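Trainee: could you work out the structure for the sequence below:
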Amino acid sequence: MNQDVAVFLVPFLLVIGCALLAGGGLYAIDIRFLRSRTQAIASAVAGLVILGVLEILLAGSSVYFFKAQQNQTSICELEGESAHPEARLGGDASIIQKHILGCMKEAGYEWIGEHRQCKDASLPTNPYCYLPTQSFDRAITAFQLRFE
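Mentor: Numbers count the residues shown, from 1 in each chain. Purely as a prediction, here's the structure:
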């Protein structure tokens, strides 16, 4: 799934699913936003189905958000090594590291360094050392990293 689509689709499905589920649930406690019991049941079922689809999107993509972060780290590493071949051949390696950090920042990632795997290897090429700057991506990635 394209990341731009996921950024829009996941919150949209979450809001719609919760609204439908709430509409059906509120009918059960005599707060009637819907016209009939049948509509309330259909709304609750539709909400559960949408939330189930959302779960499949997030879980089925394994660790999608962190995978994107791993890919971006590799891309930045390749860019840094390609831009500074002299540093690979025994020159100042910090040039490549600075390039990777800048590339990741430009791609929307912030160096955090709090994850235990980052503390073991605190290198710019370690994807565990970053988190996205966008709030939704950051929340999902931080959640995924709790299980890594």
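Trainee: mind jotting down where the strands sit in the chain?
Mentor: Using DSSP state E, the strands of the chain run over 109-111, 130-132.
Trainee: quick one: mean pLDDT for stretch 109-125?
Mentor: Mean per-residue pLDDT for stretch 109-125: 91.
Trainee: ok, and for that stretch, which residues are buried?
Mentor: Under the neighbour-count criterion of 16 or more other Cβ atoms under 10 Å, stretch 109-125 has 109, 115, 118, 124-125 buried. Backbone N, C-alpha and C define where each C-beta goes, glycine included.
Trainee: related to what we said a few turns ago, so for residue 143, which of the strands of the chain sits nearest?
Mentor: strand 130-132 (10.9 Å; Cβ to Cβ).
Trainee: that closest one pairs with which strands, parallel or anti?
Mentor: strand 109-111 (antiparallel) (DSSP bridges).
Trainee: which other residues reach the partner strand?
Mentor: If you take Cβ atoms under 8 Å, 6 or more residues apart in numbering as the criterion, strand 109-111 is touched by 69, 72, 101, 104-105, 124, 129-133.
Trainee: could you list the low-pLDDT ranges of the protein?
Mentor: Low-confidence segments of the chain, defined by pLDDT under 70: 1-7, 56-64.
Trainee: can you give me the helices for it?
Mentor: 3-28, 37-60, 64-83, 85-88, 94-106, 116-120, 135-145 (DSSP state H).
Trainee: so the second one versus helix 64-83, what angle?
Mentor: For the pair helix 37-60 and helix 64-83, the angle between their directions (axes from the mean of the first three to the mean of the last three Cα atoms, to 10 degrees) equals 30 degrees.
Trainee: no further questions, thank you.
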